[in-house]
Structure formats: structure tokens, C-alpha cells
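Student: Take this sequence and fold it.
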Amino acid sequence: MVLRRQMCRSAREVERRMNRRAVLQAGALAAAAFVAPARADATPVPAGTPEAALARLRAGNQRWSGDRTVHPHTGSARRVELSSGQEPFAVVFSCIDSRVPPELVFDQGLGDLMVIRTAAHTHDPLVAGSLEYGPAELATPLLVVLGHQHCGAVTTAVECFREGRQLPGHLADIAHDLRRPYEEACPPGAVPGDPVEATVHAQTRQTVTALQQDRLLRPLVRAGRLQVVGAYYSLDSGRVTFFA
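Tutor: Numbering: from 1, shown residues only. Just a heads-up that it's a prediction; the model follows:
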């Protein structure tokens, strides 16, 4: 009888230990599952090709739009690392709009992106030289032209076109550069739609085409060492949609 009670106590003790071990293991697995995605996001894979660079931007924007930003590559160690040189993995040509900061939109850090910003990403020879620098001098494999929802520059230009009025100062130069995409997006007799959003998309497509044919960039594109893509940022959702 005594032996049976001892055996029962031993069996219960073994069961308690096994249950405790299972709980601890389950807790460890749950913790690892919670931490792992952040660790993976915080250490981006090297981007040596246009495809890898684009995947890195997509992943960063998914974090941004999903409120899971990790803000990689910040702090004094990163500053010291970059003091002797830079290797940005992408060039982003975007609007000056304060609601569209590329480093935040793509959740990237110091030295990751080379960013050029003008109103409605309009460009002239000086801006073109800035856009050429990353791919031609630093072998940056990706150039993104980023348009966005509710663009103020495009809105103002479209209003002027429709009202037949002139903008003051150099704002007139911005409107002048947006005339062609507006005419493509809103030809006479076209079905009515949102002229601002249609012009943003037309401006983005035309800019991509112009950069693909750029004297310095065209050989890189043909060799597969550079990809020039268009993109559209939604202010409402925080999502970026890429297109060729």
C-alpha cells in the first residue's frame, strides 16, 4: 500500500514537471515568434540588384503602412560607419510634400536612400544630374519616381489650366512642366474623372520614360544594372503601389 502511494506520488511529480516544462517551452516559442519578425526587419538583406532593392522598399513600406516600423540604421555607430563613404541601395525622386518623406514611407535609415525632391517631381537639367549621380557614380541599382495622392502642386496647376490664369514667379515654371501630363491625362472630350489624380499618374509615367531614356542611365537600364520604376503613395493608407 505504501509502495503504491509512493509510486502515485512519483507519477504525479513527473507529470507536474512535464507540464511545467511544456508551459515554459510554449512560452519561449511564443516569445521567439513575437521577437523574430522585428529582428528580421531590423536587419535588411544586402541589396545588390534592382529586384532585391525593390523588395527591400516593398518590405519597408509594408512595415510603415502596418504601423510596424523598426527605423533601421540610426545612431552614432551608423554615422561612423558612413563617414568614409556611402552605398545607397535606391534613389527616390519624390514630391516636396511634407506628408511624403521617403525615408519614413519606406522605413529606411541613414545612408539607405538617396532622395531628390521637387514639386510634383518636375525636373530640369540640374535635377537630372542629381538623379544620375547615384546610378552612374555609386552603382545604385534602383530609381523610383514617387507620385502621391492629393498632390498640391498638381492641384494648383490643374486649377490654373482650367481657369486660364498664370501662377506668379517660378511657380509658373512648375505649371509649365505639368502641362504635358495634364493634356495626356485630360484630353478634350475625355470621360470626366479626377483630373488631379490622372495628372499625377501621367506625370509619373512620363518622368519614368524620360529617365529610362536619359543619356547616362539608358546604358545601365539596358545592361540590367538599373531599374527605373514609377510608384504612387496613398496618403490615406500609407501604401505605395509600384508600376513599370
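
Student: rest of the way, CA atoms for contacts and neighbours
Tutor: Fine.

Student: Strands of the chain, start to end?
Tutor: For the chain, the strands defined by DSSP state E occupy 90-94, 113-117, 142-148, 227-233, 240-243.

Student: Direction included, what does the third one pair against?
Tutor: In the sheet containing strand 142-148, its partner strands are strand 90-94 (parallel), strand 227-233 (parallel), by DSSP bridges.

Student: mind listing what's buried in stretch 168-183?
Tutor: Buried positions in stretch 168-183, judged by neighbour count with 16 or more other Cα atoms under 10 Å: Ile174, Ala175, Asp177, Leu178, Arg179, Pro181, Tyr182.

Student: and these as a markdown table, adding distance to Gly230 and pLDDT?
Tutor: Output for the buried residues of stretch 168-183, formatted as a markdown table (distance: Cα to Cα, whole Å; pLDDT from 0 to 100):
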| residue | distance to Gly230 | pLDDT |
| --- | --- | --- |
| Ile174 | 20 | 97 |
| Ala175 | 21 | 97 |
| Asp177 | 18 | 97 |
| Leu178 | 17 | 98 |
| Arg179 | 19 | 97 |
| Pro181 | 14 | 97 |
| Tyr182 | 17 | 97 |
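
Student: and the closest residue to Gly134 other than its chain neighbours, what does it touch?
Tutor: For Gly134, ignoring the flanking residues on the chain, the nearest one in space by Cα to Cα, 6 or more residues apart in numbering is Thr140 at 5.3 Å. When contacts are counted by Cα atoms under 8 Å, 6 or more residues apart in numbering, Thr140 touches Glu87, Pro88, Phe89, Ala90, Val91, Gly134, Leu226.

Student: Apply 10 Å and report the result again.
Tutor: 47-50, 53, 87-91, 113-114, 132-134, 225-227 (Cα atoms under 10 Å, 6 or more residues apart in numbering).

Student: What pLDDT is listed against the one residue sitting closest to the centre of the chain?
Tutor: Among the residues of the chain, the one closest to the centroid is Phe106, at 3.5 Å (Cα atoms, centre = their mean). Phe106 carries a pLDDT score of 98 in this model.

Student: Distance check, it against Gln62.
Tutor: Using Cα to Cα, to the nearest Å, Phe106 is found at 8 Å from Gln62.
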